[in-house]
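In: Could you look at this predicted model? Sequence included:
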Amino acid sequence: MLTYEILEDNEILATNIKKFRGELKESQFDFAENCGISVEVLSLIERGIANPKLSTLQKLSAYLGCTVAELFKRW
């Protein structure tokens, strides 16, 4: 059951990051650079493959002006 929940959380995160990045009209390269993460990590997150570190989630949320919890919110 836990594995399914992690996969679901990764899918929610992936959807939200893609949505936020699209709203900003930024390329993956620009978004990653502005967040202070690598393009490779961003790509993995957006595909729902990565289990990002807390520090990565904090960088994303700081750039987007939201909380880490909001990155996992179902909109």
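Out: It's in. As the structure is a prediction and not an experimental result, all values here were calculated from the model.

In: Torsion angles phi and psi at Pro52?
Out: In this entry, Pro52 is assigned phi and psi values of phi -60, psi 150 (degrees, to the nearest 10).

In: can you count the residues close to the nearest residue to it once chain neighbours are set aside?
Out: In this structure, Pro52 finds its nearest non-sequential neighbour in Ile45, 5.7 Å apart by Cβ to Cβ, 6 or more residues apart in numbering. (Glycine included, C-beta is placed from N, CA and C.) Taking other Cβ atoms under 10 Å as the neighbour definition, Ile45 ends up with a count of 24.

In: Ile45: what's it in contact with?
Out: Residues in contact with Ile45, defined by Cβ atoms under 8 Å, 6 or more residues apart in numbering, are Leu13, Ala14, Ile17, Pro52, Thr56, Leu60.

In: try Ile37
Out: Taking Cβ under 8 Å, 6+ apart as the contact definition, Ile37 lies against Thr56, Lys59, Leu60.

In: residue nearest the centroid of the protein?
Out: For the chain, the residue whose C-alpha lies nearest the mean C-alpha position (Cα atoms, centre = their mean) is Ile17; its distance is 4.3 Å.

In: Run a quick neighbour tally on Lys59.
Out: Neighbours of Lys59 under the rule other Cβ under 10 Å: 18.

In: If you could redo that for Glu33, that was the one I meant.
Out: 14.

In: Distance of it relative to Val39?
Out: Here the distance between Glu33 and Val39 works out to 8 Å (Cβ to Cβ, to the nearest Å).

In: and the top helix by length along the chain, how far from the chain's centre?
Out: Counting residues, the longest helix in the chain under DSSP state H turns out to be helix 2-24. Here helix 2-24 is found 6 Å from its chain centre; the criterion is Cα atoms, centre = their mean, to the nearest Å.

In: in the helix or strand just after it, what's buried?
Out: For helix 2-24, the following helix or strand on the C-terminal side (DSSP states H and E) is helix 28-35. Neighbour counts over helix 28-35 (16 or more other Cβ atoms under 10 Å) mark Phe31, Ala32, Cys35 as buried.

In: for stretch 50-62, same thing?
Out: Within stretch 50-62, the residues scored as buried using 16+ other Cβ under 10 Å are Ala50, Pro52, Thr56, Leu57, Gln58, Lys59, Leu60, Ser61.
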